[in-house]
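**Student:** need a structure here:
(chains A and B)
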Amino acid sequence: MIDLQNVEKTYFSKNGDVHALKKTNLHINAGEIFGIIGLSGAGKSTLIRCINMLETPTAGKVFVDGQELTAMRNSELRKARQNIGMIFQHFNLLASRTVYDNIAFPLEIQGIDKAVIKQKVEPLLELVGLTDRRDHYPSQLSGGQKQRVGIARALASNPKILLCDEATSALDPQTTKSILELLRDINKRLNLTIVMITHQMQVVKDICDRVAVIEHGSIIEEGSLLDLFTNPQTATTKEFISTINNVELPAILKNTKIFPDYQPNTTPIIRISFIGNSAGDPLISTLIKNYSVDVNIIYGNIDSIKDTPYGTMVVELSGTKDNMETAISYLQERNLKIEVLGYVARND
Amino acid sequence: MSPEMINLLLKSFGETCYMVAASTLLAVLVGLPLGVILTVTRRGHILPNAAINSILGAIVNATRSTPFIILMVAIIPVTRLIVGSSIGTTAAIVPLTISAAPFVARIIESSLLEIDPGVIEASQSMGASPMQIITKVLLPEAMHSIVLGVTLAIISLIGYSAMAGALGGGGLGDLAIRYGYQRFRMDIMIATVVILIAQVQIVQSLGNYISAKLNKTKL
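**Tutor:** Numbering: from 1, shown residues only, chains lettered A, B, ... in the order given. Below is the predicted model of the structure:
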């Protein structure tokens, strides 16, 4: 649906050129929710604006729905943009227009008949749950309601793509959740392709199918949400994941001396990560029953991405050296990610 | 005050209103497109054009920096060309318009610049053309602020019209000088000043009221 080929964006200035976006290739499939996550200044704003050409790339090609936007004249581009809805962090509604007139705005631009506009706007008001606010002005609405107007406005011309520019960053967590649910709902119902940029990992985790991580103007990692979460490759990605998942050592171990190798009278600390079905296995009881080791759970977290459960657990094993070694190799044989974090002094 | 004096006051008041109304209308007709062009041709706006922007800006600044009384005398040939005479109420409209139009242009420019660039970007993302952005976004969104600016222009035109009156344009200023000052008619002087004050008050209140009605950001 969206194809960026070697897209670059450089801002030229007297104080030195800024490479906001380095050679970037990106393919986004029809009907998916694609997340682009990065810190401020990473280039995600520039990237999303290259998709609808609000920023003209310095080099490269942009294809949307089979059409090359980078080859179009202004008038053709305006027409193509009607296929690409966009919502914004600060909503960008017209303050002098009512909710109804804001939603009608993109249709008005296309010169559509008033009666036809009415037929389109009313179901959209219903969809975003603002029928009773139709004659209110934006200044009379809450942030969440304003974003709902933004969404309805973006959907008015039946776009195939919705670009979300930090759409939930100005909203509180509760409102963010309801806006994300709405986006997910319209994604399914209208088979709308959604591209969202954000710096909030929670947002990505809640609704994205695939994710790209962007840093210093380059995409440094890209993959399915599950892959990214369970097997992050770069430090930045790990950092993002740690904002919502505790991947660091549990606090209780922070002040304890940890030996990298086995020492007499120490016990291993193991982090077990599991994805999918193995999350349901009776792992702990097997360890205790079959390998005669004691298991002390220090930290545990089970969550799910879409419908796949995944989790992390940090445990301390104790028993004879042999028993512990066979227990660890049992764990390694399972389809689990095992990481021996170190050894701590036995406290018995 | 004798009935003749009252008639004279009314006639002068009518002339002032005529001069101010006509020159406001013309100044807005000229200043509005000028202000729009000054705005949209700025760097980073919807139709950036450095050449047009700086040339227009220079013309506007030059006109604005000429004191009205000098401008009025300096353009007498132009006035004569347009109206056929350089004396009279109608003739006064020409310099009044020429001095007010750049003022209106700057006022409109500053009102339009107050609009959040995000709103303009949103309209562009929907495929709005520059003309649509001007007529459907910039002007309606800035209207309450433009109304206040035009109110300001009307009030300074009331002041300028008194000056124009002194140079043969008629109106309240002319009356105040000829009767109030030169013939020592204190009553006439006071009456014209009171009328001018009332006129300014009414215009300002009306401007405030309309602007508040149009402003949907504070409800």
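
**Student:** Number of residues surrounding residue A:111?
**Tutor:** 7 (other CB atoms under 10 Å in any protein chain shown). In this view, the C-beta of every residue, glycine as well, is placed from N, C-alpha and C.

**Student:** I'd like to know how far it sits from residue B:161.
**Tutor:** Noted for residue A:111: a distance of 44 Å to residue B:161, by CB to CB, to the nearest Å.

**Student:** any residues touching the longest helix seen in chain A, and which ones?
**Tutor:** Ordering each helix of chain A by length in residues (DSSP state H) puts helix A:173-190 first. The contact list for helix A:173-190 (CB atoms under 8 Å, 6 or more residues apart in numbering or on different chains) reads A:31, A:33, A:127-128, A:142-144, A:147-148, A:151, A:155, A:162, A:164, A:167-168, A:171, A:192, A:194, A:196, A:200, A:202-203, A:206-207.

**Student:** give me the element the residue minimising distance to the centre of chain B is part of.
**Tutor:** Nearest to the geometric centre of chain B sits residue B:153, at 3.7 Å (CA atoms, centre = their mean). Applying DSSP states H and E as the criterion places residue B:153 in helix B:139-164.

**Student:** Would you state the helices of chain B in chain order?
**Tutor:** Using DSSP H, helices in chain B cover B:3-40, B:50-65, B:68-74, B:76-83, B:89-113, B:117-125, B:130-132, B:139-164, B:171-175, B:186-214.

**Student:** which stretches of the stretch 151-300 of chain A have low pLDDT?
**Tutor:** The stretch 151-300 of chain A contains residues with pLDDT under 70 at A:245-252, A:254, A:277-281.

**Student:** Helices of that one, residue ranges please.
**Tutor:** Taking DSSP state H, counting those that start in this stretch, the helices of the stretch 151-300 of chain A run over residues A:173-190, A:201-207, A:225-230, A:235-242, A:283-291.

**Student:** so how far is the shortest one off the chain centroid?
**Tutor:** Put simply, helix A:225-230 sits 11 Å off its chain's centre (CA atoms, centre = their mean, to the nearest Å).

**Student:** packing partners for it?
**Tutor:** Using 3 or more CB pairs under 8 Å, 6 or more residues apart in numbering or on different chains; DSSP states H and E as the contact test, the elements touching helix A:225-230 are helix A:201-207, strand A:210-215, helix A:235-242, strand A:266-275, strand A:294-305, strand A:308-318.

**Student:** Convert it to CSV, retaining C-alpha atoms only.
**Tutor:** This file holds the C-alpha atoms of helix A:225-230, laid out as CSV (Å, rounded to 0.1, in the frame of the first residue of the first chain):
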residue,chain,number,x,y,z
LEU,A,225,5.4,-6.5,17.1
LEU,A,226,6.0,-9.9,18.7
ASP,A,227,9.5,-10.3,17.3
LEU,A,228,10.4,-6.8,18.4
PHE,A,229,9.2,-7.3,21.9
THR,A,230,10.6,-10.7,22.5
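
**Student:** Go through stretch A:181-200 and flag the buried ones.
**Tutor:** A:182-183, A:186-187, A:192-200 (16 or more other CB atoms under 10 Å in any protein chain shown).

**Student:** Repeat that for stretch A:14-31.
**Tutor:** Buried residues in stretch A:14-31, defined by neighbour count with 16+ other CB under 10 Å: A:19, A:20, A:21, A:24, A:26, A:28.
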